[in-house]
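1. Sequence plus the predicted model coming up.
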Amino acid sequence: MASSTPHPNAGYVSESAISFPARSEALVTLQTERSLPTPEATAQGDRSSRWLILVAAIALVCVPVFVQAPLVRLFPWVSLAVTPFLAALGVYLQSRSVSYRWGDLLLGFTWTWLAGSVYWGWFRWEPFLHLPIEAVGLPFALWGIARNTGKIGNFFYLGSLFGTVVTDVYFYLVKLIPYWRQLMQVDLDAVQPIFARAIAQMQTPWGSGWAIALAALLLIVSLLPLYSRQVYWWAFSGAVLSTILVDSLFWLAAIAA
């Protein structure tokens, strides 16, 4: 009877056959990791990217002035209901590598939109509640920065909040808070005398001096980050710069009234 001699390679599986699934899995993992940007990759950008973020940050601070302000005064619930849609859009954009930065920035803007909807919709007659409500996203922004995530949006939010703080400090120092309350409680046809008294208060040596000092502070704080190559600092800078623009527009509107 013929003997059954095992083949020299019987029971042997080549190294390539064993490692092929592992190599394929590693390749898929590597491609997935490359498709999503790392925090370091999103933090830095070329000059054109930084300028785009700067311009976008300025625009996003101005949006509440021209869009949200009239909307929230007439339909506060509509303004509030827009918030989850902004957040969802930000998350979607952030999930794609080509739009990650824009989603990040939009999520930071969502906090300012939420705070604006709540305050100007239901609490605008009480100035003392302005800063606490505007700071609703501060713990989340600081937490995100500490974890090195969402820096563009978080720094944008911090810049916007800083500008709000400086503006409110001016109102307190120059004693404009009573006029704030009056403006929030009267009809549009009755605002002219209130604006006139507020402008007179601002044009005193005390009011003018603090306006120059705080405007210089805003300008310095907004320009210094532009020396950085980090995109998130440019988002911060744009938010602070836009505070100067918005405050100037309010001042011109008060004079025109």
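-> Now that the structure is in, tell me what you want to look at.

2. What segments of this structure are helices?
-> 15-35, 39-43, 47-63, 69-74, 76-94, 100-118, 130-134, 138-146, 151-173, 177-185, 191-202, 205-223, 231-256 (DSSP state H).

3. Tell me which residues of the last one come out buried.
-> Residues of helix 231-256 classed as buried by neighbour count (16 or more other C-beta atoms under 10 Å): 231-244, 246-247, 254. C-betas here are computed from N, CA, C, even on glycine.

4. I'd like to check the angle between that helix and helix 47-63, please.
-> Orientation check (axes from the mean of the first three to the mean of the last three C-alpha atoms, to 10 degrees): helix 231-256 against helix 47-63 gives 40 degrees.

5. related to what we said a few turns ago, which stretch among the helices of the chain comes nearest R124?
-> R124 lies closest, by C-beta to C-beta, to one member of the helices of the chain: helix 177-185, at 4.8 Å.

6. What helices and strands are in contact with that closest one?
-> helix 191-202 (3 or more C-beta pairs under 8 Å, 6 or more residues apart in numbering; DSSP states H and E).

7. Now with 10 Å, please.
-> Secondary-structure packing of helix 177-185 (3 or more C-beta pairs under 10 Å, 6 or more residues apart in numbering; DSSP states H and E): helix 151-173, helix 191-202.

8. what angle do it and helix 231-256 make?
-> Using the same axes, to 10 degrees: helix 177-185 against helix 231-256 is 80 degrees.

9. how far out from the middle of the chain is helix 177-185?
-> Centre-to-centre, helix 177-185 and its host chain are 28 Å apart (C-alpha atoms, centre = their mean, to the nearest Å).
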